[in-house]
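Chemist: structure of the sequence below:
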Amino acid sequence: MTAPAHVITLGLAAGMNKDIRAWFEQFNFLPPLGLTAAKVDTITAGVSFVHLLEAMAASIHKNFILIIHGHEDGSGLWLKLAAQQAKPHTTHLDLQRLLDLDAGGPPMSKHDFAIMGIGQADVAKIENLRHRVVDKRIDCIEFRSCNLGRNKLSLDRFRQFFGARQAGAPDLHTVFGVVPVLLGPQMMTNHKRFHHGAGHWETYNFPSALASPTLVACFALNELAKPESGGHIAADSPAALDAWIAKYIKRGAGRKSGDMAMHALWVADRVVAPKTRQEKRRLVPAAIVMEPEDYKDPLGGFGPEGGFRRLVLPLSENYAKHIIYSR
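Modeler: You can find the predicted model right below:
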């Protein structure tokens, strides 16, 4: 499926919004279905689920890419139902209660209003906007909200609420970024020495962790074992970089001048081996998750050195596996 979509981001930091725009400007492609961005809108101030519904109702498009922070357990989005609501997230349980009401179920009780943190006027507004969105007959919604695909019931309720034919979401952390590109054999030799700062870094060697790499992708991790502020790609030649982009990022694409936009899924639930006492205090406990290729070829693949693979690039088989669909 290749079709234009309306990209809407809500409640993200300015830097992340810039990185998302850079991805669609440089590569304009979202796997695994291959939607392209016809328009990118960012909503930052006082955001709520109402703002999302308003933007979707006003859109001329029938496909959407929605990038909003997701709850760790997949239960919903870090987005208030209404702007004045105290509760900071919208869950699939909230949506189910509104769906039941719209289907002729019992009226909202005081208990319902207290749990959801909204009033009757908010309910009426949300229902009206939902009808406008459903009337659009949306074909596809691609969420890139972290972890929303972990809870299939939750994802299905979000799809039903918008009236979409299908909706997809990752069951992993979502990464967008812009990284410098370091070219030449000297950069390959010295990238760790001159470009890795303090803290925990992960380096991925391409094409294999067992051979001298022609390209490396490096990421600085925060205390949650997620890419944070540092990172770069180093390649021994422009040809090696273009080949890597075509194989792992987007078929037929190559690098333009300047920094390069990045998008990937990231397995943040794997243990990072701490190197210092400070890291031991900061890193949170996590369960080890292993991909099939870790069992079949534990020393192969593209890295990282001495650890489990976290990086899931757009054209990899595992990327498609970790986008869960409700239809």
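Chemist: contact partners of the helix or strand F194 falls within?
Modeler: Secondary-structure assignment from DSSP states H and E places F194 in helix 185-195. With CB atoms under 8 Å, 6 or more residues apart in numbering as the test, helix 185-195 has contacts from 182, 201, 203, 213, 216, 218, 232, 234-236. From N, CA and C alone the C-beta is placed, and that goes for glycine too.
Chemist: now do 10 Å
Modeler: 180-182, 184, 201, 203, 212-216, 218, 220, 230-237, 240 (CB atoms under 10 Å, 6 or more residues apart in numbering).
Chemist: average pLDDT across it?
Modeler: Mean pLDDT, helix 185-195: 91.
Chemist: list the buried ones in it?
Modeler: For helix 185-195, the neighbour count (16 or more other CB atoms under 10 Å) marks 187-188, 191, 195 as buried.
Chemist: same thing with stretch 57-75?
Modeler: Those would be 57, 59, 61-71, 74-75, for stretch 57-75 by 16+ other CB under 10 Å.
Chemist: please apply the same query to stretch 141-161.
Modeler: Neighbour counts using 16+ other CB under 10 Å place 141-151, 154-161 of stretch 141-161 among the buried residues.
Chemist: out of the buried residues of stretch 57-75, which comes closest to P170?
Modeler: Comparing those against P170 with CB to CB places G70 closest, at 8.3 Å.
Chemist: so how far is L10 from the nearest residue to the closest one once chain neighbours are set aside?
Modeler: Spatial nearest neighbour of G70, chain neighbours left out: S145 (3.4 Å); criterion: CB to CB, 6 or more residues apart in numbering. As judged by CB to CB, to the nearest Å, S145 and L10 stand 10 Å apart.
Chemist: name the residues contacting each of those two.
Modeler: Taking CB under 10 Å, 6+ apart as the criterion, S145 and L10 both touch 66-69, 77-79.
Chemist: what helix or strand is the residue nearest to the spatial centre of the chain located in?
Modeler: Nearest to the geometric centre of the chain sits T174, at 2.6 Å (CA atoms, centre = their mean). Under the criterion of DSSP H and E, T174 resides in strand 173-179.
Chemist: show me what that strand is packed against.
Modeler: helix 14-26, strand 215-221, strand 227-235, strand 260-266, strand 311-312 (3 or more CB pairs under 10 Å, 6 or more residues apart in numbering; DSSP states H and E).
Chemist: let's go with 6 Å and repeat that
Modeler: Here strand 173-179 touches helix 14-26, strand 227-235, strand 260-266, going by 3 or more CB pairs under 6 Å, 6 or more residues apart in numbering; DSSP states H and E.
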